[in-house]
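Student: Mind folding the following:
(chains A and B)
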Amino acid sequence: MLFVRLVVFGFLALSVIYLCVSLYSRSIRREKLEEEWDATAPDDATPDMRANFVASGMTVYERGLRKKLMLLIFVIPPLVVGPIIYFIN
Amino acid sequence: MRNIRRVLRIALFLIIGLFLHYVMPQQDIARVTSTEVIRTDFGGFQRLFYAQADTGQIDNVTRDLRLINTERKATYLFGLIRGNNETMVFRNEDTGWIYPPYFKFDSSDLQAEASATISTADAQWVVVTHYGWRVRWASIYPNAVAIRPAPSEDFRPFPWVNLVIFLFMIGGAVFVRAMWMQLRERTLDPLADKAGDRMDHVSADLSERKGRLSRWLGTWRKKN
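Tutor: Purely as a prediction, here's the structure:
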């Protein structure tokens, strides 16, 4: 029962961490895209073009490897517990 | 205000430091002199400093507690300075699936290992890895986690595990800080700017109305 409790609460904690990290990473990417546009935009660019540029960059990001690597947050802690159990017992 | 914040910050650091000092593994060079089991009735406050019954068993108010009696090298200042021999009693409890995350299930085996190294005249030194404190006035013992033979009496184990954990925690703190800065820069500050902007509009509107009112009142005044 205690094991189940650990799994449930551990999963909840990891979900919170995952949510925070994914929001952070998305925000960083959006900021970078905006800066890139501001640095390279043509003189007659409209705000619409900027929004489009950022949106298309974000869809590329959502499909990217970085997004998938973030799922490691759920994978690594359980993998660490294994060796701990082995070495302690 | 600044003093209050300073006090709060110091208190926070103190609590975190004490918690880490309690939970982090420590290694003592010790010589097991005997092992024993005593019946224990846990008090409310004291209960915090004990683990629970062996994994798979039901937790009662009263149960037997395994103890390992040792003579160890006294250490001061996080183990940097070494003193004379002193006695130390370790408890030996399962932490199981609960805090702190040592995942220790083998208390009985550890007790047998400890018994196997009992030595008197021909001293057999071991490294006792443990966490927790010995608090005499509350009958609280550190929990022994593992025992391994020490090469010699003067052996000084290096806390590699603690080093790795601390590095991870520092990295985590830096990351959380970066996340907070990003949140402030991209979300909180723009919100505050918007709110401040609105406040400015409202107050400008208000003062303009006041001006109109006083001008209208002025038309009723006697003109020279």
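
Student: As a check, name the ranges of all helices in the chain.
Tutor: Because you didn't say which chain, this covers chain A. A:2-40, A:47-63, A:65-69, A:72-88 (DSSP state H).

Student: Chain B was what I was after
Tutor: Using DSSP H, helices in chain B cover B:2-23, B:107-116, B:160-183, B:189-220.

Student: pLDDT below threshold where in the chain?
Tutor: Picking chain A for this. Along chain A, no part satisfies pLDDT under 70.

Student: think we crossed wires, I meant chain B
Tutor: Applying pLDDT under 70 to chain B picks out residues B:121, B:223-224.

Student: so of the helices of chain B, which one's packed in deepest?
Tutor: Mean neighbours per residue, mean count of other CB atoms under 10 Å in any protein chain shown, is largest over these for helix B:107-116, with a mean of 17. For every residue, glycine as well, the C-beta is placed using N, CA and C.

Student: got the contact list for that one?
Tutor: A:89, B:32, B:35, B:54, B:66, B:68, B:92-94, B:104, B:144-147 (CB atoms under 8 Å, 6 or more residues apart in numbering or on different chains).

Student: List, one by one, the residues from chain B near chain A.
Tutor: Proximity of chain B to chain A is confined to B:55, B:96-98, B:101-106, B:109, B:145-146, B:178-179, B:182-183, B:186-187 under the rule CB under 8 Å from any CB of the partner chain.

Student: mind redoing it with 10 Å?
Tutor: Selection of chain B residues close to chain A by CB under 10 Å from any CB of the partner chain yields B:25, B:52, B:55-56, B:94-99, B:101-107, B:109-110, B:129, B:145-146, B:161, B:172, B:175-176, B:178-183, B:185-187.

Student: returning to what we had before: please name whichever of the helices of chain A is nearest to B:Arg6.
Tutor: Proximity to B:Arg6 (CB to CB) singles out helix A:2-40 among the helices of chain A, at 28.3 Å.

Student: Would you mind getting the angle between that closest one and helix B:160-183?
Tutor: Using axes from the mean of the first three to the mean of the last three CA atoms, to 10 degrees, one finds that helix A:2-40 and helix B:160-183 are set 50 degrees apart in direction.

Student: now for helix A:2-40, which elements pack on it?
Tutor: helix A:47-63, helix A:65-69, helix A:72-88, helix B:160-183 (3 or more CB pairs under 10 Å, 6 or more residues apart in numbering or on different chains; DSSP states H and E).

Student: So for B:Arg72, which of the ones you listed sits nearest?
Tutor: helix B:160-183 (18.4 Å).

Student: Okay, angle between that closest one and helix A:72-88 too, please.
Tutor: Relative orientation of helix B:160-183 and helix A:72-88, computed by the same axes, to 10 degrees: 170 degrees.

Student: Point out the other elements, helices or strands, that helix B:160-183 touches.
Tutor: Short answer (3+ CB pairs under 10 Å, 6+ apart): helix B:160-183 packs on helix A:2-40, helix B:2-23, strand B:26-41.

Student: make it 7 Å
Tutor: helix A:2-40 (3 or more CB pairs under 7 Å, 6 or more residues apart in numbering or on different chains; DSSP states H and E).

Student: buried sites along the helix it packs on?
Tutor: A:6, A:10, A:14, A:24-25, A:27, A:29-30, A:33-34, A:37 (16 or more other CB atoms under 10 Å in any protein chain shown).

Student: same deal with stretch A:70-78?
Tutor: Neighbour-count burial for stretch A:70-78 [16+ other CB under 10 Å]: A:Ile73.

Student: on that earlier part again, mind putting the helices of chain B into a markdown table with distance to A:Met1?
Tutor: Converted to a markdown table, the helices of chain B look like this (distance: least, CB to CB, whole Å):
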| stretch | distance to A:Met1 |
| --- | --- |
| helix B:2-23 | 24 |
| helix B:107-116 | 19 |
| helix B:160-183 | 28 |
| helix B:189-220 | 44 |
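
Student: Show me the one of the ones you listed that comes nearest A:Ala51.
Tutor: Between A:Ala51 and the helices of chain B, the tightest spacing by CB to CB is seen for helix B:189-220, at 16.0 Å.

Student: and which of the buried residues of helix A:2-40 is nearest to A:Asn52?
Tutor: Relative to A:Asn52, and with distances defined as CB to CB, the nearest of the buried residues of helix A:2-40 is A:Trp37, at 9.7 Å.

Student: for the closest one, what are its contacts?
Tutor: By CB atoms under 7 Å, 6 or more residues apart in numbering or on different chains, A:Trp37 lies in contact with A:50, A:53-54.
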